[in-house]
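Student: turn this into a structure:
(one chain, ligands or ions: 1)
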Amino acid sequence: MAALSLVTVIVDLPLVRPVAALMERRGWGLLQQASLPCWLELTLAVVLLDYTLYVWHVLTHRVPFLWRFHQVHHSDPTFTASTGVRFHPGELLLSLPVRLTAVAFVGASAEAVVLFEIVFTVANLVEHGDIDLPRPFERLMGRVFITPALHRRHHTKLGPDRDTNFGTILATWDRLFGTRADNDSATAIETGLPGLDQLTLPRVFVLPLQRMAA
Ligand SMILES: [Zn+2]
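Tutor: Residues are numbered from 1 along each chain as shown. Predicted structure coming up:
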């Protein structure tokens, strides 16, 4: 299943970085309009790109056509770091124009894009990790960042909880837009999607053409 994420490496990186380099050369995009210190520009780029992927994630749940692809990610009955790379290649391809537009609009430099990709990848693996954190640390971390327990609630098998905790790096966006739902490591949650527990790899690929999980 990890092979699915190779699409990101093969298609995404060779396209996104040149766009970032072009914006930087031409001085186009939001962050290129001001002479910001390097650290501030990098931080703002990571924050803004994290926001755009929050919006994309919300759309994959709200737009039925996009959910057809995103349900592959949610159909994993287990909740481990490998869930973080279980995406249908179609979803990754559909997100490409969004990510290219975001990088261009934000005016993220090539360095900022690389930094964002590293931070986003680590956050994505951590939030899907089957990790139980000490409560005081988890509460503190959950104020700023998405914890594994918060994202586990997003992977709830039944009910409206799936439409909460869409963030990947920062917890800010869910708080700002009312999609935050608290959770902690002590709360057991059944993950996956009803009727899609035992998907073979061929079925994963054709799932978007076949059915939509409720
Ligand atoms: Zn989701």
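Student: use CA for all of it now, contacts and neighbours both
Tutor: Will do.
Student: how close does the residue of the chain most remote from its centre sit to Arg203?
Tutor: Distance to the chain centre peaks in the chain at Ser35, reaching 29.5 Å (criterion: Cα atoms, centre = their mean). Applying Cα to Cα, to the nearest Å, the value for Ser35 to Arg203 is 51 Å.
Student: need phi/psi at the residue farthest from the centre of the chain.
Tutor: Here is the backbone geometry of Ser35 (degrees, to the nearest 10): phi -90, psi 80.
Student: what about stretch 147-159, start to end distance?
Tutor: End-to-end for stretch 147-159, by Cα to Cα: 20 Å.
Student: average pLDDT for that stretch?
Tutor: Average pLDDT, stretch 147-159: 92.
Student: can you offset everything so residue one is 19?
Tutor: Yes, from this point I'll number from 19; that puts the last item at stretch 165-177.
Student: residues contacting that stretch, please?
Tutor: Stretch 165-177 is contacted by residues 92, 97, 144-150, 156, 159-160, 179-184, 199-203, 207-212 when judged by Cα atoms under 8 Å, 6 or more residues apart in numbering.
Student: residues near Phe134, how many?
Tutor: 22 (other Cα atoms under 10 Å).
Student: go on, Leu112?
Tutor: If you count neighbours by other Cα under 10 Å, Leu112 ends up with 12.
Student: how much space separates the residue positioned nearest the centre of the chain from His75?
Tutor: The residue lying closest to the centre of the chain (Cα atoms, centre = their mean) is Thr186, at 5.0 Å. Relative to His75, Thr186 is positioned 9 Å away (criterion: Cα to Cα).
Student: need the contact list for Ala199.
Tutor: Counting by Cα under 8 Å, 6+ apart, Ala199 touches Leu168, Arg171, Asp179, Thr182, Asn183.
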